[in-house]
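Enquirer: Please find the sequence and the predicted model below.
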Amino acid sequence: MSDTLITIVAILLATVLMFIFPLLSVSERSDDISQLSVQTATAEFVDNSRTIGKITMDNYTKLVTTIAATGNSYDVEMEVKVLDENIGKKSAWTQGTVIGENVYYSVYTSQIVEVLEDKDNKYNSNGVYKMKEGDIFSVSVKNTNKTLSQTIRGVFYSISGSDVYTIAAQSSGVVTANGSY
């Protein structure tokens with residue numbers, strides 16, 4: 001009886017070592033590749049948008065298509081911190097670019113996408129959100145689904161939760177050109 005029990009345990013251990021750990025390794029490698037792809041696409045999108053001074057629907061669609069090609073679903077959050085040129089006359093400074101005098105207000109993803117998808121011509125944007133020099137543009141991307149490696153790790157390590165993500169990318173920068181108005 002004890003020989004049978006030892007044989008069953010040995011078969012289960014061999015199964016885990018031969019199939020589960022290699023599967024975990026391959027799935028983690030897949031997450032690493034997805035991470036690299038998402039980080040690259042996010043950085044290219046931000047750099048392109050800030051150097052031309054505008055966010056175009058074509059570039060946004062390219063970003064979403066590129067990151068979706070990894071086979072995961074993502075939450076893309078954009079923020080433009082707009083440099084407010086209409087600061088009050090509370091100081092003796094004659095320039096709005098003096099350090100400590102700049103005031104920013106934020107425009108978020110839903111507002112940007114509304115301008116990009118302007119179907120009623122309410123904004124007269126033609127699928128372009130225009131920024132100006134000095135604005136700060138940032139993008140954050142996080143996966144929203146559980147990947148295979150997350151599922152396997154959850155089984156072995158009891159790590160679970162809906163807010164746990166393994167693939168994330170962030171990029172930001174100062175806009176260096178005015179979008180053509």
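Expert: Looks like it came in fine.
Enquirer: could you pull out the strands for this protein?
Expert: Ranges of strands in the chain, per DSSP state E, are 54-56, 74-84, 103-108, 128-130, 136-143, 168-174.
Enquirer: Report the residue spans of the protein with pLDDT below the cut-off.
Expert: Residue ranges of the chain with pLDDT under 70: 1, 86-101, 158-165, 180-181.
Enquirer: Sketch out the helices for it, chain order is fine.
Expert: For the chain, applying DSSP state H gives helices covering 2-15, 21-52, 57-68, 109-116, 148-157.
Enquirer: I'd like the ones you listed as JSON lines, with distance to residue 173 appended.
Expert: In short, each C-beta sits where N, CA and C put it, glycine included. JSON lines is the format used below for these (distance: least, C-beta to C-beta, whole Å):
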{"stretch": "helix 2-15", "distance to residue 173": "50"}
{"stretch": "helix 21-52", "distance to residue 173": "5"}
{"stretch": "helix 57-68", "distance to residue 173": "15"}
{"stretch": "helix 109-116", "distance to residue 173": "16"}
{"stretch": "helix 148-157", "distance to residue 173": "30"}
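Enquirer: closest one to residue 135 among those?
Expert: Residue 135 sits nearest to helix 21-52 of all these, at 8.2 Å, using C-beta to C-beta.
Enquirer: thinking again about what came up before, in TSV: the helices of the chain, plus mean neighbour count.
Expert: Converted to TSV, the helices of the chain look like this (neighbours: other C-beta atoms under 10 Å):
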stretch	mean neighbour count
helix 2-15	9
helix 21-52	17
helix 57-68	16
helix 109-116	16
helix 148-157	15
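Enquirer: and the strands of the chain, which is most packed in?
Expert: Compared across the strands of the chain, strand 54-56 shows the largest average neighbour count, a mean of 23 (mean count of other C-beta atoms under 10 Å).
Enquirer: how about the residue nearest the centre of the chain, what does it touch?
Expert: Nearest to the mean C-alpha position of the chain, counting by C-alpha atoms, centre = their mean, stands residue 141 at 1.4 Å. Taking C-beta atoms under 8 Å, 6 or more residues apart in numbering, we find residue 141 in contact with 38, 42, 67, 74-77, 167-170.
Enquirer: my read: residue 24 touches residue 151, true?
Expert: No - when contacts are counted by C-beta atoms under 8 Å, residue 24 is not listed as touching residue 151 (9.9 Å).
Enquirer: roughly how far apart are residue 24 and residue 145?
Expert: Counting by C-beta to C-beta, to the nearest Å, the gap from residue 24 to residue 145 is 18 Å.
Enquirer: Now do the contacts for residue 51.
Expert: By C-beta under 8 Å, 6+ apart, the neighbours of residue 51 are 176-177.
Enquirer: redo that, cut-off 10 Å
Expert: Contact partners of residue 51, counting by C-beta atoms under 10 Å, 6 or more residues apart in numbering, are 173, 175-177.
Enquirer: export those to TSV and tack on distance to residue 131?
Expert: Shown next, in TSV, are the contacts of residue 51 (distance: C-beta to C-beta, whole Å):
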residue	distance to residue 131
173	11
175	5
176	10
177	9
